[in-house]
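Undergrad: how would this look folded up:
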Amino acid sequence: MVADGTAADGVVERRWAVFHRWGPYVLLAAGTVLSLSAADAIGMTDGERRLSCVLVAAGVVLQLAWGRAEDRRPGPTTESACYYAARWAVGFVLTWTNPLFAFYAVIGYFGVGRQLPRHLVKPGLLATAVTLAGSQSGGLPPGDGLGWVLFGAILLVNALLVALFAHFGDLEEERVRTQAETIAELERTNAALQQVLDENAALHTQLLVQAREAGVADERRRLAAEIHDTLAQGLTGIIAQLQAVAGTTDPDLIRVHAGRATDLARESLGEARRSVHNLAPVALDGDGLPQALEKTVAEWGERTGARADCTVTGTAEPLHEEVAATLLRIAQEALSNASRHAAATRVGVTLSYIGDEVTLDIRDDGRGFDPRVRPARTGSGGFGLDGMRARAERIAGSLTVESEPGHGTAVSARVPLVRHD
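TA: Prediction:
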């Protein structure tokens with residue numbers, strides 16, 4: 001839109017330039033032809049005829065001289081003001097000798113802003129109005145009192161028109177100036193916008209690099225937590241079964257413990273493969289979360305010899321695989337902590353479907369601890385509570401831990417109920 005307006009303004013400006021260059025010649029020629037044609041009708045004397053010819057030649061010479069000077073000094077200057085005054089004087093005297101020369105004198109209304117300083121524009125227009133009023137009233141000087149009255153009335157009308165045109169000229173000048181300022185402001189805004197776009201592109205590139213690095217770090221944390229929650233626990237169970245084998249010579253017990261160790265090894269191998277591919281836990285293959293949780297609790301109780309109860313409340317619904325996997329991993333880690341650190345003899349696990357949330361509670365009667373004291377990270381892991389909390393928060397959930405030395409521990413995870421699609 002701005003570009004189209006600028007192009008149109010350029011065309012208009014070029015046409016005005018052509019008019020200012022050749023218009024005075026055309027108007028002077030028209031006034032000369034008409035004046036000489038009507039010379040006898042209005043009673044021009046021989047002296048007025050000769051004077052008119054001299055002034056017409058002077059007007060041509062003046063225009064030729066100004067045509068060369070205007071290219072060197074555009075805009076209102078002292079030379080342009082002198083040119084305007086000389087041209088007005090030639091037109092005024094010509095109109096005095098013959099009113100039809102007003103066709104040439106009217107050129108004073110055009111381009112006055114290009115040739116006169118701002119404070120001389122209105123006086124210049126008024127001087128041109130005097131010349132035209134004299135022509136319109138029958139010629140200068142008026143012959144009698146009525147002629148002077150007619151001249152004054154016509155001059156007043158012309159003066160009012162001049163004032164009106166001057167006002168319109170001021171408005172047009174203000175519009176042009178405002179348009180120029182708007183275009184300049186748009187150019188500055190475009191430059192600033194381009195700078196912002198460049199900065200955004202650089203920031204986008206930087207964010208991509210940071211996101212890539214964060215993704216790598218998150219994947220490392222995920223794998224570390226998966227190894228801790230699966231392989232480490234599986235290996236711990238295998239070691240416990242092998243230690244039990246080493247302490248007995250009963251073939252039946254040896255067969256039972258060896259079978260358990262083999263099952264744990266297979267399960268751990270499957271978990272390792274699934275951890276690498278970020279798949280659901282083995283226990284969820286073909287089962288929903290309630291069944292997988294009951295099976296996990298039962299196997300833990302059989303392996304540790306502790307009493308383990310699992311309860312499901314509410315209407316069980318099929319959960320999104322990520323939600324189900326997260327809750328099962330939290331339960332596995334809490335059970336592992338109960339056997340490895342709390343020496344619990346009884347554990348209760350409750351899975352509750354409450355409205356648009358799923359709650360998992362694991363309580364044990366172990367030795368407990370002070371939650372305000374952060375346990376030191378050990379070489380065996382240290383991903384326990386932090387890992388469980390990170391898992392819950394990853395799916396917009398939360399995890400709270402209540403414990404007291406000598407009074408057991410309660411872990412509660414609350415996550416949104418996202419149904420399986």
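Undergrad: Would you mind extracting the C-alpha trace of stretch 394-406 into CSV?
TA: Coordinates of each C-alpha in stretch 394-406 appear next as CSV, following Å, rounded to 0.1, in the frame of the first residue of the first chain:
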residue,chain,number,x,y,z
ARG,A,394,7.0,-36.0,34.6
ILE,A,395,3.3,-36.9,34.0
ALA,A,396,2.0,-33.8,36.0
GLY,A,397,1.6,-35.7,39.2
SER,A,398,3.1,-35.4,42.7
LEU,A,399,4.6,-37.6,45.4
THR,A,400,4.6,-37.1,49.1
VAL,A,401,6.5,-39.1,51.8
GLU,A,402,5.6,-39.4,55.4
SER,A,403,7.9,-41.1,57.8
GLU,A,404,9.1,-41.1,61.4
PRO,A,405,12.0,-43.0,62.9
GLY,A,406,10.7,-46.3,64.4
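Undergrad: now residue 255: how far from residue 198?
TA: 73 Å (C-beta to C-beta, to the nearest Å). (Glycine included, C-beta is placed from N, CA and C.)
Undergrad: Now do stretch 55-71: distance to the chain's middle.
TA: Put simply, stretch 55-71 sits 58 Å off its chain's centre (C-alpha atoms, centre = their mean, to the nearest Å).
Undergrad: Any chance you could list what contacts it?
TA: 20-21, 24-25, 28, 32, 79-80, 83, 86-87, 90-91, 93-94, 97, 104 (C-beta atoms under 8 Å, 6 or more residues apart in numbering).
Undergrad: Now with 6 Å, please.
TA: Residues from elsewhere that reach stretch 55-71 (C-beta atoms under 6 Å, 6 or more residues apart in numbering): 24, 28, 32, 79, 83, 86, 90, 93-94.
Undergrad: Quick check: the farthest pair among the residues you listed?
TA: 32 and 79 (25.9 Å; C-beta to C-beta).
Undergrad: Neighbour count: these two, which is higher?
TA: residue 32 (22 against 15; other C-beta atoms under 10 Å).
Undergrad: now that one: how far from residue 106?
TA: Where residue 106 is concerned, residue 32 sits at a distance of 14 Å (C-beta to C-beta).
Undergrad: Kindly report the same for residue 395.
TA: Between residue 395 and residue 106 the computed distance is 86 Å (C-beta to C-beta).
Undergrad: ok, these two, which is more surrounded?
TA: Counted by other C-beta under 10 Å, residue 395 and residue 106 do not tie: residue 106 has more neighbours, with 18 against 15.
Undergrad: ok but the more buried one is inside a helix, no?
TA: Yes - under DSSP: H, G, I helix; E, B strand; the rest coil, residue 106 sits within a helix.
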